[in-house]
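Peer 1: coords please:
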Amino acid sequence: MVERTRARGRGLRTIGRRPANSVRPPLFLHVGIAVKKMEALILEPSLYTVKAILILDNDGDRLFTKYYDDTYPTVKEQKAFEKNIFNKTHRTDSEIALLEGLTVVYKSSIDLYFYVIGSSYENELMLMAVLNCLFDSLSQMLRKNVEKRALLENMEGLFLAVDEIVDGGVILESDPQQVVHRVAVRVLQSAKEQIKWSLLR
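Peer 2: Predicted coordinates for the structure are as follows:
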């Protein structure tokens, strides 16, 4: 038996006994249930911030799309979503919308509409950083001529820029200067490879 004591003045006084091998009953059992419910409500942080990047023309037709998850698994579902998003945003001046349970940030330039899509609980500032980085990178690459014809003539640069900014939904870069530099390096390497193979033929 273990004797439990507590201080009283300068002496010690016995207040009861309990078996040495006894286990204290768990305190606040009801708290454990509440914590589990709260854990179910709290979403775990994820690096997979971006669900999709879209570029549409002024008729709402796709020029470039990249989906990073299976929210819209088929081309038919994707195109329906793109039409919906275009119809809800192309006449508004705002830059952020909630649509079909998703957070959408967007901007337009002449005859192009740029969209970055995230989940409903995603930080809009993170998504906006991706959007601005993409737009500013293209602006530098296209010499500030961000319009449909120039973009279609430089699709390779667009694909490379998007890959430098986002990979599998994870944001890699938000500095357009870095993106443009890396794209230029990759284009140069590709050109060297093409010259090399043409000489070896």
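Peer 1: can you map out the helices along this structure?
Peer 2: With DSSP state H applied, the chain shows helices at 29-41, 75-89, 124-141, 148-152, 155-165, 176-200, listed in chain order.
Peer 1: center of this protein - which residue?
Peer 2: The chain has Thr49 as the residue nearest its centroid, 1.7 Å off, counting by C-alpha atoms, centre = their mean.
Peer 1: weakest of the helices of the chain by average pLDDT?
Peer 2: Taking each of these in turn, the lowest mean pLDDT turns up on helix 29-41, with a mean of 44.
Peer 1: let's have the helices of the chain in TSV, adding distance to Asp61 and mean neighbour count.
Peer 2: (C-beta placed from N, C-alpha, C; glycine too.) TSV is the format used below for the helices of the chain (distance: least, C-beta to C-beta, whole Å; neighbours: other C-beta atoms under 10 Å):
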stretch	distance to Asp61	mean neighbour count
helix 29-41	40	9
helix 75-89	8	16
helix 124-141	18	20
helix 148-152	10	15
helix 155-165	15	18
helix 176-200	25	13
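Peer 1: what about Trp116, how many residues nearby?
Peer 2: Actually, residue 116 is Val rather than Trp. 30 (other C-beta atoms under 10 Å).
Peer 1: I'd say it and Leu102 touch.
Peer 2: No: the criterion here is C-beta atoms under 8 Å, and Val116 misses it with Leu102 at 10.5 Å.
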